[in-house]
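Enquirer: Structure, please.
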Amino acid sequence: MRTKKLEISEQFYSDLISIHKKRRNEVKKKWNRVLPFNELISDRWEKAKFLNGLSGSSIYDNSYVFGKVSIGKNTWIGPYTILDGSGGKLSIGDFCSISSGVQIYTHNTVKWAVSGGKAEYEKKSVRISDNCYIGPYSVISMGSSIGKGSVIGTSSFVNTVIPPYSIAFGSPAKIVGKVKVKGKNVEFEYFKK
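Expert: Have a look, this model is predicted:
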């Protein structure tokens, strides 16, 4: 009996290796990408649909999603992201780009932790409006709101309301410029110091 299980296990492993090599070659040839195995066999668009995301949106398999999260149409959610809607609704609009490593939270446990569990978790919804770009490794904290057409720079910490068509970066994020969109032309105007 033990030998039979081992044979099945070895065959299964051999089949997985074959699938991996085949998919890796297909993706390399078509997109010039080499991805982890789970990304080779998952469908980012199907995952977005499963999460009730609107048409054209995708979310990587290795993204973590908790609670109430809504995703608009044609939105890209990159790898290694955390979308936490467990403390309130997390709403992401249309045509957004949520870069690799971004973390968005609708709750925190700061007061709970420092009170030895006596205080409650804090909870507030987060809204990212249409046409926003969130740079890699940025953190958006509970209660934040990012206005339409805004750009959040890499490794920023957003803990406030960012008005529409703003450029913001830093920790905490500060508004440093404006986005100007005229049809397909986009300009970034930075404030003078």
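Enquirer: Only the buried residues of stretch 44-58, if you could.
Expert: Within stretch 44-58, the residues that qualify as buried are Arg44, Lys47, Ala48, Lys49, Leu51, Gly53, Ser57, Ser58, counting by 16 or more other CB atoms under 10 Å. Bear in mind the C-beta positions are built from the backbone N, C-alpha and C, glycine included.
Enquirer: no no, stretch 138-155
Expert: Residues 138-153 are the ones in stretch 138-155 that count as buried (16+ other CB under 10 Å).
Enquirer: Just give me the longest helix of this structure.
Expert: When the chain is parsed with DSSP state H, its longest helix is helix 2-31.
Enquirer: returning to that earlier point: show me which of the buried residues of stretch 44-58 is closest to Ile19.
Expert: Arg44 (18.0 Å; CB to CB).
Enquirer: quick one, what contacts that closest one?
Expert: Ser58, Ile59, Tyr60, Asp61 (CB atoms under 8 Å, 6 or more residues apart in numbering).
Enquirer: Compute the number of surrounding residues for Val34.
Expert: 11 (other CB atoms under 10 Å).
Enquirer: Output the below-cut-off pLDDT ranges for the chain.
Expert: Scanning the chain with the threshold set as pLDDT under 70 gives 1-8.
Enquirer: For the nearest residue to Val65 once chain neighbours are set aside, give me its contacts.
Expert: Excluding the flanking residues, the one nearest Val65 by CB to CB, 6 or more residues apart in numbering is Leu83, at 4.8 Å. Applying CB under 8 Å, 6+ apart to Leu83 gives the contacts Ser63, Tyr64, Val65, Phe66, Val69, Ile77, Leu90, Ile92, Ile98, Ile104.
Enquirer: at 10 Å instead, please
Expert: 51, 59, 63-67, 69, 71, 77, 90, 92, 98, 102-106, 126, 140 (CB atoms under 10 Å, 6 or more residues apart in numbering).
Enquirer: Confirm that it lies within a strand, as I assumed.
Expert: Yes: per DSSP: H, G, I helix; E, B strand; the rest coil, Leu83 lies within a strand segment.
Enquirer: Quickly list what it is bridged to.
Expert: Judged by DSSP bridges, the bridge partners of Leu83 are Val65, Ile104.
Enquirer: and the contacts of Leu83, which are buried?
Expert: 51, 59, 63, 65, 69, 71, 77, 90, 92, 98, 102-106, 126, 140.
Enquirer: Among those residues, which ones are in strands?
Expert: Ile59, Val65, Val69, Ile71, Ile77, Leu90, Ile92, Ile98, Gln103, Ile104, Val126, Ile140 (DSSP state E).
Enquirer: List the residues that contact the second one.
Expert: Taking CB under 10 Å, 6+ apart as the definition of contact, the neighbours of Val65 are 47, 50-51, 59, 71, 77, 81-86, 90.
Enquirer: now those residues in TSV, with distance to Lys118?
Expert: What follows is the contacts of Val65, written out as TSV (distance: CB to CB, whole Å):
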residue	distance to Lys118
Lys47	38
Phe50	38
Leu51	35
Ile59	37
Ile71	36
Ile77	36
Thr81	32
Ile82	27
Leu83	29
Asp84	23
Gly85	25
Ser86	21
Leu90	27
